[in-house]
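Participant: below is the sequence, then the predicted model.
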Amino acid sequence: MPRIVSVGAAQLGPIALKESRAEVVERLVALMRQAKGHGCDLVVFPELALTTFFPRWYFEHQEEIDAFFERQMPGHDTRKLFDTARELGIGFYLGYAELVEQEGRLRRFNTSILVDKAGSIVGKYRKIHLPGHHEHEPWRAFQHLEKRYFERGDLGFPVYRAFGGLMGMAICNDRRWPETYRVMGLQGVEMVLLGYNTPVHNPPAPEHDALSNFHNSLVMQSGAYQNGTWVVGVAKAGREEGVDQIGNSIIVAPSGEIVAACSTLGDELAIARCDLDLTRSYKSTTFNFARHREPDQYRMIVER
Ligand code: CDT
């Protein structure tokens, strides 16, 4: 029996600052229904998929920042996503800002969850590679204050048994780091789900701007091939509050080939029928880790 997971990369166009959670959830539900109509088992939404990408602004007051965070999942407005999952029998990956009381203090993470077809959370990931800066830098055309607004994730890179395979998660900047895929690859991951918000313009390195779509595909294609895994990368795209963000949402096979892609900068679904057993020929030959890796020679990676 082939292990097929039909996946919808549910790209979002911009979310305005004034758009309510309930309005955004309606957009997500519409994409879930569309995906179900095409026979999808799972839809993947972007990073911070419930609000505008708020780290682009410096806020002085913590209450203003916390307004972008979810204190419960599901909460009042997001419950509809879980109800729709159960009603349709479709799973989802969702990125959101998580506010949690843990170890006697409030903690804030850039988080994603994996929800199964019964509407139950089966996995959680908290972003490890937080890009940007900690202090207000007025010289920039816009801020990227993830290092200020979030703590580094504390869950590592777990993989979860779901949808008939081993599923992993990552968030945006994580996709640029080979260790992200490799740590999950070492656990046998078969499909990595990841959402992103990537401005076209990178203020500290504007010379990279013209390459932003190339780098996006490059890192996900190499991560997929080098670990023999599917990768589903999904954007929040388009001009959001005056800042252009890339689209280029893609589904990548374990061969490293792109098998489906979005072509707009708006709400759009790209679909692929992913055979998890296509991971096998990579994991058992070229990237048979037990046979060919030389971890003794890689020590510097964890020592520096
Ligand atoms: N959201 C997020 O992580 N964005 C970063 C921007 C970094 S600029 C190179 C990203 O890696 O896409």
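Facilitator: That came in fine, so what should we check first?
Participant: near the ligand, which residues of the chain?
Facilitator: Proximity of the chain to the ligand (CB under 6 Å from any ligand atom) is limited to residues E47, P131, C172, N173, R176, Y196, N197, T198, N202. In this view, the C-beta of every residue, glycine as well, is placed from N, C-alpha and C.
Participant: strands of the stretch 151-300 of the chain, start to end?
Facilitator: 159-162, 165-171, 191-196, 230-235, 238-240, 243-245, 250-252, 258-261, 268-275 (DSSP state E, counting those that start in this stretch).
Participant: who are the contact partners of K236?
Facilitator: 11-15, 46-49, 53, 195-197, 245 (CB atoms under 8 Å, 6 or more residues apart in numbering).
Participant: I misspoke; the intended subject was A85.
Facilitator: M32, G91, F92, V115, D116, K117, A118, G119.
Participant: and the third one, what are its bridge partners?
Facilitator: Looking back up the chat, that one is F92. V43, V115 (DSSP bridges).
Participant: tabulate the contacts of A85 (TSV), appending pLDDT.
Facilitator: What follows is these, written out as TSV (pLDDT from 0 to 100):
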residue	pLDDT
M32	99
G91	98
F92	99
V115	99
D116	98
K117	98
A118	98
G119	98
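Participant: drop anything exposed from those.
Facilitator: Applying 16 or more other CB atoms under 10 Å to these, the neighbour count classes M32, G91, F92, V115, D116, K117, G119 as buried.
Participant: the ligand: which of these is nearest?
Facilitator: Nearest to the ligand among these, counting by CB to the nearest ligand atom, is F92 at 19.5 Å.
Participant: my guess is the closest one contacts M32, does it?
Facilitator: Yes: at 6.7 Å, F92 and M32 qualify as touching, with contact defined as CB atoms under 8 Å.
Participant: joint contacts of those two?
Facilitator: Common neighbours of F92 and M32 (CB under 8 Å, 6+ apart) are A10, V43, L81, A85.
Participant: name the helices or strands packed onto the helix or strand bottoming out on mean pLDDT in the chain?
Facilitator: Ranking every helix and strand in the chain by mean pLDDT, DSSP states H and E puts helix 300-303 at the bottom, with a mean of 94. Helix 300-303 makes packing contacts with no helix or strand when contacts are defined by 3 or more CB pairs under 8 Å, 6 or more residues apart in numbering; DSSP states H and E.
Participant: contacts for stretch 34-46, please.
Facilitator: By CB under 8 Å, 6+ apart, stretch 34-46 touches 5-12, 28, 31-32, 88-95, 117, 163, 193-197, 232, 234-236, 269, 271.
Participant: switch to 7 Å and redo it
Facilitator: With CB atoms under 7 Å, 6 or more residues apart in numbering as the test, stretch 34-46 has contacts from 5-10, 12, 28, 31-32, 88, 90-95, 163, 193, 195-197, 232, 234-236, 269, 271.
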